[in-house]
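Colleague: Dropping the sequence and predicted coords here.
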Amino acid sequence: MITKEEYIELIKKEYPNDYKDIIDGLNNKRYETFRINTLKSNNDEIISFLNDNNIEYEISSIYENSFIIKSDYNLYDTHLLKEGKIYLQSLSSQIPPLCLDLNNSFDILDMCAAPGGKTSLIAALTNNEKSIMAVEQNKIRAEKLKYNLSLLNAKANVFVTDSTKLDSFFRFDTILLDAPCSGSGTINLCNKKDLKNFSLLLVRNSSIIQKKLLKKAIEILKPGSSMIYSTCSILKEENELVLKEFLNKNIILDKIDLNIDNDNLLPSILPNVLTIKPNKYFEGFFIAKIKKIK
C-alpha cells in the first residue's frame, strides 16, 4: 500500500515538469465515454437517442464512433447498452486497437483480452471479416470475455490459457498486447481503495510479466509486421524500460498515426510512443507500435 503523499512524490520524480497536471487529472472526475458498436448500430441511431433525451455530448477526435457525455445521464439503464449497441469504454482504452495495422492483417491476436472491450473494437473495425484469437488466462474473466463478445456480436476465437505459453508455431499479422500493469494512470486519488491496491512491488512484478509477454509476442509476430504494446500505467518501469530491453536493429518503434492533441501527452524517453496524460477526457495510458523487421 502507498499513501497519497508517497504516490504524488513518485509521480513528481517521474514527471518533474508535468506532475501537477497529472495529479489534477487523477483527482478530477472524467467524463463518461462510450463507443458505438458498429456491428449492431450506427451514428444516426445513437445521435438520435442522445438528442431525443437532451444529452449533451461531444464526438471524440480520435474515433468518429467514440462519444463523450457531458450531461449527468445514466447510460447503464438504456436499451442501447443492454442490447450491445454501445459499449462503455474510456477513450484511452479505445486507442490501442485504433493503432493496429488492421488493413494489412488477417490473423490477429489479442494476448490479454478480457473483458473484451478492445477485442470487440477490433472485430468492429474489421467488420468481423478477420481471424481474431482472443486469449485470457483467468477462467472467470474468460467467461466475461465470451459474454461481452456474444452481446456485441463480435466474432473471435477465445482461448483460456497463458499467452506466454502459446505454441511457437503460431504466427500473426498483428498483435495487441494490452499488458497487465499497476494501473498507475487510472488511480483516483480521492479513492483510498485505489491507493490500497497500488504498490511498488506491484509495479516490479507487472514489469516482469510484461517482459515475458512481450518476448512471446515478438517471437510469434510475422516478420515485416507490427504490433501494439499498451498499459494503463504512466510509469517508465512498466513502459519505456520494458521496451528498451527488446529494441535493436530488428525490433524498432514505428510512428503512431493518431489525431490526439499534444496537450494530452506526456514526455517520453523513447521516440514515437504515446504517453497519455490523465485528465477529464483521458485515463493515463501508454501505447507503443513495435515493428519486427525480419
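Modeller: Ah, there it is. Numbers count the residues shown, from 1 in each chain.
Colleague: quick one: low-confidence parts of the stretch 151-294 of the chain?
Modeller: The model of the stretch 151-294 of the chain has no residue with pLDDT under 70.
Colleague: What values do phi and psi take at Leu152?
Modeller: phi -90, psi 0 (degrees, to the nearest 10).
Colleague: any idea how far it lies from Glu283?
Modeller: Noted for Leu152: a distance of 21 Å to Glu283, by CB to CB, to the nearest Å. The C-beta positions use only the backbone N, C-alpha and C, and glycine is treated the same way.
Colleague: tell me the strands in the protein, going along the chain?
Modeller: 32-36, 57-59, 66-69, 86-88, 107-110, 131-135, 157-159, 172-178, 221-231, 251-254, 274-276, 285-292 (DSSP state E).
Colleague: Now Val242. Nearest residue, chain neighbours left out?
Modeller: Gln210 (4.9 Å; CB to CB, 6 or more residues apart in numbering).
Colleague: Repeat that for Ile95.
Modeller: Ile287 (5.7 Å).
Colleague: Gly116 is in contact with Ala142, correct?
Modeller: No: the pair Ala142 / Gly116 is not scored as a contact, 9.8 Å apart, by CB atoms under 8 Å.
Colleague: how about the strands of the chain in a markdown table, adding mean neighbour count and distance to Ile122?
Modeller: Formatted as a markdown table, the strands of the chain follow (neighbours: other CB atoms under 10 Å; distance: least, CB to CB, whole Å):
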| stretch | mean neighbour count | distance to Ile122 |
| --- | --- | --- |
| strand 32-36 | 22 | 12 |
| strand 57-59 | 15 | 21 |
| strand 66-69 | 20 | 15 |
| strand 86-88 | 20 | 12 |
| strand 107-110 | 25 | 6 |
| strand 131-135 | 22 | 6 |
| strand 157-159 | 15 | 13 |
| strand 172-178 | 24 | 7 |
| strand 221-231 | 21 | 10 |
| strand 251-254 | 16 | 18 |
| strand 274-276 | 24 | 18 |
| strand 285-292 | 24 | 15 |
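Colleague: Looking at the ones you listed, which is nearest to Asn51?
Modeller: strand 57-59 (8.9 Å; CB to CB).
Colleague: Run the chain-centre distance for that closest one.
Modeller: 20 Å (CA atoms, centre = their mean, to the nearest Å).
Colleague: can you list the domains in the chain?
Modeller: Per automatic domain parsing, the structural domains of the chain span 31-89, 92-292.
Colleague: The first one: end-to-end distance?
Modeller: I take that to be domain 31-89. 11 Å (CA to CA, to the nearest Å).
Colleague: and that domain, what's its mean pLDDT?
Modeller: In this model, domain 31-89 carries a mean pLDDT of 97.
Colleague: Could you give the separation of that domain from the chain centroid?
Modeller: Using CA atoms, centre = their mean, the offset of domain 31-89 from its chain centre is 19 Å.
Colleague: Begin at 21, not 1, for the rest of this chat.
Modeller: Done: numbering now begins at 21, and the last item shifts to domain 51-109.
Colleague: How far off centre is stretch 260-273?
Modeller: Going by CA atoms, centre = their mean, where stretch 260-273 is centred and where its chain is centred differ by 20 Å.
Colleague: for stretch 277-287, same thing?
Modeller: That offset, for stretch 277-287, works out to 15 Å (CA atoms, centre = their mean).
Colleague: contacting residues around that stretch?
Modeller: Residues from elsewhere that reach stretch 277-287, judged by CB atoms under 8 Å, 6 or more residues apart in numbering: 35, 37-38, 42, 81-82, 115, 118-119, 254, 294-297, 299, 301-302.
Colleague: Now, those residues that are in helices?
Modeller: 42, 115, 118-119 (DSSP state H).
Colleague: Report the two of those separated the most.
Modeller: Longest span within these, CB to CB: Ile42 and Leu118, 23.2 Å.
Colleague: so what's Glu78 up against?
Modeller: 87-88, 90.
Colleague: quick one on the thing from earlier: any of the contacts of stretch 277-287 buried? List them.
Modeller: Among the contacts of stretch 277-287, those buried by neighbour count (16 or more other CB atoms under 10 Å) are 35, 38, 42, 82, 115, 118-119, 254, 294-297, 299, 301-302.
Colleague: ok, those vs Thr58, which is closest?
Modeller: So of the buried ones among the contacts of stretch 277-287, ranked by how close each gets to Thr58 (CB to CB), first place is Leu118, at 13.1 Å.
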